[in-house]
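Trainee: A predicted structure for the sequence below; I have some questions about it.
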Amino acid sequence: MQSQFTAEVFVLVFLKIAIAFVVILIVVGLGKKFLAKLKKKSRAEFFAKQKYILLEITPPKDLQKTPQAMELFLGSLYQAGGDASGFFSKYTNGSCRPWFSLEIISIDGHVRFFIWSRAAFTDMIETQLYSQYPDIEIIDRTGNDYTTDVKWDPENYQYWGCNFVKTAVSHLPIKTYVSHGMVGGGKEESKVDPITPVIELLGSLKKGEQVWFQIMVRAHTKELIKPGTKNEMVDWKHAAQLDLIKRTKRDVKMDKDKPVNPALLQLTKAEKEAAEAIENSISKLPFDCGVRSVYVAKKDVFRPSMIAGINGSFRQYGSPNLNGFKTVNAPKATKFKWQDKGEVKLMAQKKKILGEYQHRSYFIPEYIPYGSRLAHFVMTTEELATVFHLPGNVAKTPTLSRVQAKKVEPPSNLPI
């Protein structure tokens, strides 16, 4: 009788614990959903209050500046503040770090440069640009955004797009303008500007074609990112320092009876190049980055060869010993038609990448209703200035928009 009573009590206690555990799981699950919706609502309200600007930057006809001028300007975009801190503020404030969009585009072969930003940074952007490029022309195109002129019209237009990512670990830099000899003086015609292939590609477009390149940037902070394919989460700078130690360490056993060949203790040329690049990189300001491209053309002028051109347009930034770029997330048709009847899924992919480009959405999925958080990587100001800068006279593309008459000075009413 006693053993029966003990068993009944045990079962009863077990059921109570199980019920309590289930209740806790339900409460936690509902709590997470509530907080997620609260955060989404707060961010939606925050974004609705923001105003945005689109500035077109037209370089002068005779530009002698190196990409270093752009690097100095890009440092001003390192705006690390703005993220809501604290548990309560995180879900009710809605604020986040500002991001900027650096854009190089071509419409019918005419190449143009743009910077998109929150309107609050307009004066800062103009002041910093004029300080580096006194002869440029800056025009506010907010009310005439080139992306809004492109509508979703698959009956008359073909669409394609992709993202660019680094081919190796994020902290390993690409081949920058410094490696291309774009520093100091020298004759303009002897310089090799790595942005030239991009400009030439954009300048080759025909009437009815458009290609857009967009580089999304925001200040990189102490958040954790995945370095390549490893599972552990480590900070960008910390990962770079660990990699630097690994690359320069020589695990050679010392034996007094068998002297080590001094050559084994020396870094190879490739190892030295990578180590020096990493060491230089961690001294620069880092940005979270996302790069994408969109190709839109009327059906009768759409060229598949242009897709191949876009895929290879960033190849000159790569190096076997350093980093490079590759394209990902390009819309792909299924192998068999029955897998995607009427190409519904394919069209959805194309529409999504077009819409996210038009809204300048990348880091924050709540920014637009159908947005997604895309995998970003880190680039320093030197790397960014390599892929986005105003080309000098070395770029001879005739359809590159330039200021025809030299400006005397920038507007006098800009804030200091």
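Mentor: Thanks, I have it. Numbers count the residues shown, from 1 in each chain.

Trainee: what residues does the nearest residue to residue 317 once chain neighbours are set aside make contact with?
Mentor: The spatially closest residue to residue 317, leaving aside those adjacent along the chain, is residue 174, at 4.5 Å (Cβ to Cβ, 6 or more residues apart in numbering). Just so you know, the C-beta spots here come from the backbone N, C-alpha and C atoms, and that holds for glycine as well. For residue 174, the contacting residues are 166, 317, 318, 319, 322, 323, 324, 325, 379, 383, 386, 387, by Cβ atoms under 8 Å, 6 or more residues apart in numbering.

Trainee: and if we set it to 7 Å?
Mentor: 317, 318, 322, 323, 324, 383, 386 (Cβ atoms under 7 Å, 6 or more residues apart in numbering).

Trainee: and it, its phi and psi?
Mentor: Main-chain dihedrals, residue 174, degrees, to the nearest 10: phi -80, psi 180.

Trainee: can you check the pLDDT for it?
Mentor: Among the per-residue scores, residue 174 holds a pLDDT of 95.

Trainee: still on that earlier bit, and the contacts of residue 174, which are buried?
Mentor: By neighbour count, with 16 or more other Cβ atoms under 10 Å, those hold 317, 318, 322, 323, 324, 383, 386 as buried.

Trainee: from residue 206, how far out is the fifth one?
Mentor: Which is residue 324. Using Cβ to Cβ, to the nearest Å, we find residue 324 at a distance of 29 Å from residue 206.

Trainee: how about the fourth one?
Mentor: Noted for residue 323: a distance of 33 Å to residue 206, by Cβ to Cβ.

Trainee: next, the distance between the ends of stretch 161-174.
Mentor: Terminal residues of stretch 161-174 are spaced 22 Å apart (Cα to Cα, to the nearest Å).

Trainee: show me what counts as buried in that stretch.
Mentor: Within stretch 161-174, the residues that qualify as buried are 161-166, 168-174, counting by 16+ other Cβ under 10 Å.

Trainee: quick one on the thing from earlier: tell me the one among the contacts of residue 174 nearest to residue 348.
Mentor: Nearest to residue 348, judged by Cβ to Cβ, of those is residue 324 at 30.0 Å.

Trainee: narrow the contacts of residue 174 to those in strands?
Mentor: Among the contacts of residue 174, no member falls in strands (DSSP state E).

Trainee: what is the nearest of these to residue 49?
Mentor: For these, the residue nearest residue 49 by Cβ to Cβ is residue 383; the value is 32.7 Å.

Trainee: low-scoring stretches of the stretch 251-400 of the chain, by residue?
Mentor: Along the stretch 251-400 of the chain, segments meeting pLDDT under 70 span 251-267, 393-399.

Trainee: in it, which spans are strands?
Mentor: For the stretch 251-400 of the chain, the strands defined by DSSP state E, counting those that start in this stretch cover 286-298, 325-328, 377-380.

Trainee: most tightly packed of these?
Mentor: strand 377-380 (a mean of 25; mean count of other Cβ atoms under 10 Å).

Trainee: could you pull out the strands for the stretch 51-200 of the chain?
Mentor: Using DSSP E, counting those that start in this stretch, the strands of the stretch 51-200 of the chain run over 52-58, 100-107, 110-118, 137-140, 157-166.

Trainee: switch these over to TSV; also include distance to residue 280 and mean pLDDT.
Mentor: Below are these laid out as TSV (distance: least, Cβ to Cβ, whole Å; pLDDT from 0 to 100):
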stretch	distance to residue 280	mean pLDDT
strand 52-58	27	96
strand 100-107	22	97
strand 110-118	26	96
strand 137-140	31	96
strand 157-166	17	95
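
Trainee: out of the ones you listed, which is closest to residue 146?
Mentor: Closest to residue 146 of the strands of the stretch 51-200 of the chain, according to Cβ to Cβ: strand 100-107, at 6.5 Å.

Trainee: rewinding a little: of all the strands of the stretch 251-400 of the chain, which lies closest to residue 236?
Mentor: Taking Cβ to Cβ as the criterion, strand 377-380 is the member of the strands of the stretch 251-400 of the chain that comes nearest to residue 236, at 4.9 Å.

Trainee: which helices and strands does the closest one pack with?
Mentor: strand 286-298 (3 or more Cβ pairs under 7 Å, 6 or more residues apart in numbering; DSSP states H and E).

Trainee: would you give the sheet partners of the strand it packs on, along with the direction of each?
Mentor: Sheet pairing for strand 286-298, assigned by DSSP bridges, gives strand 157-166 (antiparallel), strand 209-219 (antiparallel), strand 377-380 (antiparallel).

Trainee: show the contacting residues for the most centrally placed residue in the chain.
Mentor: In the chain, the centroid-proximal residue (Cα atoms, centre = their mean) is residue 290; its distance is 1.9 Å. Residues in contact with residue 290 (Cβ under 7 Å, 6+ apart) are 163, 216, 362, 374, 376.

Trainee: hang on, the second one packs against residue 99?
Mentor: Looking back up the chat, that one is residue 216. Yes - judged on Cβ atoms under 7 Å, residue 216 makes contact with residue 99 at a distance of 5.9 Å.

Trainee: what touches both of these two?
Mentor: Counting by Cβ under 7 Å, 6+ apart, the common neighbours of residue 216 and residue 99 are residue 362.

Trainee: what are the ranges of the helices in the stretch 151-300 of the chain?
Mentor: Secondary structure of the stretch 151-300 of the chain (DSSP state H, counting those that start in this stretch): helices at 196-203, 236-248, 269-281.

Trainee: residues of the second one that come out buried?
Mentor: It stands for helix 236-248. Neighbour-count burial for helix 236-248 flags 236, 239, 240, 241, 243, 244, 247 (criterion: 16+ other Cβ under 10 Å).

Trainee: before we move on, the earlier item: what is the nearest of the contacts of residue 174 to residue 201?
Mentor: Nearest to residue 201, judged by Cβ to Cβ, of the contacts of residue 174 is residue 317 at 13.7 Å.

Trainee: all set now, cheers.
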